[in-house]
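> predicted model follows, preceded by the sequence.
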Amino acid sequence: MTGTALFDVDGLDVRFGSGPAAVHAVRGVSLSLASGRCLAVVGESGSGKSALARSLLGLAGPTAHVTARRLRLDGQDALSFGPREWRSVRGRRVGLVAQDALVALDPLRPVGREIAEPLLTHRLATRREAPDRVVHLLERVGVPEPRERARSYVHQLSGGLRQRALIASALAAGPGALIADEPTTALDASVQARILELLGALKEDGTGLLLISHDLAVVEALADDIAVMHAGEIVEHGNATDVLHSPRHPYTESLLAAVPGRGRPPRRPGPAPRTGAPLLEVTSVAKQFRAARGVRRTAVHDVSLTLHPGETLAIVGESGSGKSTLARIVLGLLTPDAGQVRLAGEPWSGLRERERRPRRGTLQLVPQDPLSAFDPRWSVARIVGEALATAGTPRQERRAETLRLLEQVGLGENHLERRPLALSGGQRQRVAIARALAPRPRLLVCDEPVSALDVSVQAQVLRLLRSLQRELGLATLFISHDLAVVREISERVLVMKDGRVVESGPVDEVFAGPRHAYTRALLNAVPRPRRGDHVGELS
């Protein structure tokens, strides 16, 4: 490392609250970051990595007590900063790229005004100059039709375009360093690849990147150095190749072992021959939606599939490919414009809801974000109990049945009275699965059920789904953008693009020898490991 470090941190401690209830989130962390380098901080939820990132921006919060032997940003003593000094640093010296652009960007104003705000705040452009600067920034991050996109609101942009707009906002004031907190979580592989390419180009141009991520494939593609955090401490650090391929700490080894498919063959060679009637039959379904100015957009076109008991079929494709619309048709939440869905050999899609309702327990949804799907005021007992009540379980039996379901998904009696915010991400997903199991379904529709989970928690949920599939004979329709997870969990895969099925078959055959150019593009977009020696920058 040469020159002044963008970050130079020694002995950083972060505590929240006081007394016996205090949380010691960061313990004695030391690190440094230079221009043109990427330092990745990895670890499970609760390891302290986000508290570390917020502390480096002076955003730890009013209940935080931050101390350090040394905390310098771009050569300045940040320990002496007050609110005014921090405001002058944020955006100008250090930019932040948050995980969820839909939340981070103001939904009530065009993204161009969001991007212009740092320019105006730091007096780097006049109001007359700002629009052209915004267009240039959008061009720099690869947004097509930048002048038109600058007039768009965040909800009118795809996930990839929203994330690019957020990066443009972070770059607007020309900071030397970016903190990227889970910048590609829940993005499709091809969109993720474009964001990684953009971040890599910024690094080549001299920007220092502090990457916070649970996705070790992303880390391996971008990082020069890695710090592994556990219980607030850095338990291992070094250059990326050494840490990822020759880990020294057991915790690092456990994180790497949890990555789907890493260092081991596919879970099964292929689907076993299926006999008997399928549980789910989708035949030539199509669905259109009315878009702006009365134009009709085809979301699903002539899609067919079958699913047998005990089988897992994965659906993959980019955002807008039609996979979520297809899932809603299967769930009976949308009526197809053409074609039909049959469930357990009987009509499903053409029925009125009062005719479907007695059979709704046959199939259940496991959502991507249980925190949004749960009432935050309800306890776990009430969340699962409501599903039991809907399924007709007598009131006096519900608590015992709730406990049985929680134990089936690896939770216990001590979780009954907890509320969603008091649970970890993995625990919330287990409660979502318990709720889905309450009506004793034969089919689970899993919509990105592990996309936002740390690799170790992700591995636990995948193991749980597989064991439930074996134990209960469940069929699973598994929607995911993570191709490594798809290969780990599914027997067959169906690839969608622009509402159509472009390829399908046994998952190992499709992944080993894709026939369609789009499938090959998806597989090529999966982050690839880099090789080479790096000079460590972590002290």
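Looks like it came in fine.

> touching, Ala240 and Leu216? I think so.
No - at 10.0 Å, Ala240 does not count as touching Leu216 under the criterion of CB atoms under 8 Å. (Glycine included, C-beta is placed from N, CA and C.)

> from memory Ile234 sits against Ala227, does it?
Yes - in this structure, Ile234 is within contact of Ala227 by CB under 8 Å, at 4.9 Å.

> from Arg359, how far off is Phe16?
Phe16 is 48 Å from Arg359, where distance means CB to CB, to the nearest Å.

> of those two, give the one with the bigger neighbour count.
The residue with more neighbours, out of Phe16 and Arg359, is Phe16; 17 against 14, by other CB atoms under 10 Å.

> next, the contact list for that one, please.
Phe16 makes contact with 22-23, 25, 51, 61, 63-65, according to CB atoms under 8 Å, 6 or more residues apart in numbering.

> quick check: closest non-adjacent residue to it.
In this structure, Phe16 finds its nearest non-sequential neighbour in Val23, 4.5 Å apart by CB to CB, 6 or more residues apart in numbering.

> what do you get for Asp498?
Among residues not flanking Asp498 along the chain, Ser321 sits closest, at 6.6 Å (CB to CB, 6+ apart).

> correct me, but the one you found touches Leu494?
No - assessed by CB under 8 Å, Ser321 is found out of contact with Leu494, at 10.6 Å.

> in this structure, which segments are predicted with low confidence?
Applying pLDDT under 70 to the chain flags the ranges 1-4, 186, 261-275, 291-294, 528-539.

> most residues in a single helix of it, which one?
The single longest helix within the chain, with elements called by DSSP state H, is helix 455-472.

> what's in contact with that one?
44-45, 214-216, 254-255, 258-260, 267, 310, 312, 408-410, 424-426, 429-430, 433, 437, 444, 446, 449-450, 453, 474, 476, 485, 488-489.

> next structured bit after the helix or strand hosting Val300?
Per DSSP states H and E: Val300 is located in strand 296-307. As assigned by DSSP H and E, the chain's next helix or strand after strand 296-307 is strand 312-316.

> what's that next one packed up against?
With contacts taken as 3 or more CB pairs under 8 Å, 6 or more residues apart in numbering; DSSP states H and E, strand 312-316 sits against helix 323-330, strand 475-479, helix 483-489, strand 492-497.

> and the angle from the second one to strand 312-316?
Right, the one you point to is strand 475-479. 20 degrees (axes from the mean of the first three to the mean of the last three CA atoms, to 10 degrees).

> please identify the buried residues of strand 475-479?
Neighbour counts over strand 475-479 (16 or more other CB atoms under 10 Å) mark 475-479 as buried.

> list the contacts for the residue nearest to Val495 when sequence neighbours are not counted?
Excluding its sequence neighbours, the residue lying closest to Val495 (CB to CB, 6+ apart) is Glu503, at 4.4 Å. If you count contacts by CB under 8 Å, 6+ apart, Glu503 has them with 494-495, 510, 514-516, 518-519.

> before we move on, the earlier item: output the longest helix of the chain as CSV, nothing but the C-alphas.
The C-alpha trace of helix 455-472 is given here as CSV (Å, rounded to 0.1, in the frame of the first residue of the first chain):
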residue,chain,number,x,y,z
VAL,A,455,-24.4,-18.8,3.2
SER,A,456,-24.5,-20.9,6.4
VAL,A,457,-28.2,-20.0,7.1
GLN,A,458,-28.9,-20.6,3.4
ALA,A,459,-27.4,-24.1,3.7
GLN,A,460,-29.5,-24.9,6.8
VAL,A,461,-32.7,-23.8,5.0
LEU,A,462,-31.8,-25.9,1.9
ARG,A,463,-31.1,-28.9,4.1
LEU,A,464,-34.5,-28.4,5.8
LEU,A,465,-36.4,-28.2,2.5
ARG,A,466,-34.7,-31.4,1.3
SER,A,467,-35.4,-33.3,4.5
LEU,A,468,-39.1,-32.2,4.4
GLN,A,469,-39.3,-33.2,0.8
ARG,A,470,-38.1,-36.7,1.7
GLU,A,471,-40.2,-37.0,4.9
LEU,A,472,-43.5,-35.6,3.5
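
> ok now that helix, how far from the chain's centre?
18 Å (CA atoms, centre = their mean, to the nearest Å).

> helix, strand, or coil at the spatially closest residue to Ala338 that is not a sequence neighbour?
Leaving aside its chain neighbours, Ala338 sits nearest to Ala286 (4.2 Å; criterion: CB to CB, 6+ apart). Applying DSSP: H, G, I helix; E, B strand; the rest coil to Ala286 yields a three-state assignment of strand.

> wait, doesn't Ala286 sit right on Asp302?
Yes - in this structure Ala286 lies within contact range of Asp302 using CB under 8 Å: 6.0 Å.

> next, show the common contact partners of these two.
With CB under 8 Å, 6+ apart, Ala286 and Asp302 have common neighbours 338-339.

> who has more neighbours, those two?
For the pair Ala286 and Asp302, the greater number of neighbours falls to Ala286 (18 against 14), based on other CB under 10 Å.

> separation between the more buried one and Thr335?
Distance from Ala286 to Thr335, by CB to CB: 11 Å.

> in a helix, Pro278, correct?
No - judged by three-state DSSP, Pro278 forms no part of a helix; its state is coil.

> tell me how far the nearest residue to it once chain neighbours are set aside lies from Leu280.
Among residues not flanking Pro278 along the chain, Thr306 sits closest, at 4.1 Å (CB to CB, 6+ apart). Distance, Thr306 to Leu280, using CB to CB: 7 Å.

> which of these two has more neighbours?
Counted by other CB under 10 Å, Thr306 and Leu280 do not tie: Leu280 has more neighbours, with 24 against 16.

> hmm, that one is touching Glu311, no?
No - taking contacts as CB under 8 Å, Leu280 lies outside contact range of Glu311: 9.5 Å.

> so what sits against both of those two?
Counting by CB under 8 Å, 6+ apart, the common neighbours of Leu280 and Glu311 are Ala475.

> circling back to that earlier point, list the beta-bridge partners for the residue nearest to Pro278.
As for beta bridges, Thr306 partners with Glu281 under DSSP bridges.

> show me the contacts for it.
278, 280-282.

> same question, Arg133
Shown in contact with Arg133 (CB under 8 Å, 6+ apart): 116, 119, 124-125, 172.

> now tell me what touches stretch 182-191 from outside.
With CB under 8 Å, 6+ apart as the contact definition, stretch 182-191 has outside contacts at 97-99, 158-160, 163, 167, 192, 195-196, 199, 211-215, 218, 317-319, 368, 448, 451-452, 481-483, 521-522, 525-526.

> I meant stretch 22-30, not that one.
So stretch 22-30 is contacted by 9-17, 48, 51-52, 55, 227, 229, 231-234, 538-539 (CB under 8 Å, 6+ apart).

> past whichever strand or helix holds Glu236, which element shows up next along the chain?
Using DSSP H and E, Glu236 sits in strand 233-239. Counting by DSSP H and E, the next helix or strand C-terminal to strand 233-239 is helix 240-245.

> and that following helix, what's buried?
Using 16+ other CB under 10 Å as the test for burial, helix 240-245 gives 240-244.

> likewise for stretch 54-61?
For stretch 54-61, by 16+ other CB under 10 Å, it's 54-58, 60.

> what residues are up against Ser319?
Contacts of Ser319 (CB under 8 Å, 6+ apart): 158-160, 187-188, 191.

> let's see that with 10 Å instead.
Listed by CB atoms under 10 Å, 6 or more residues apart in numbering, the contact partners of Ser319 are 158-161, 186-188, 190-191, 481.

> what separation is there between it and Val235?
From Ser319 across to Val235, the span is 36 Å (CB to CB).

> just Pro183 next, same as before
In terms of CB to CB, Pro183 sits 24 Å off from Val235.

> thanks again, I'm all set now.
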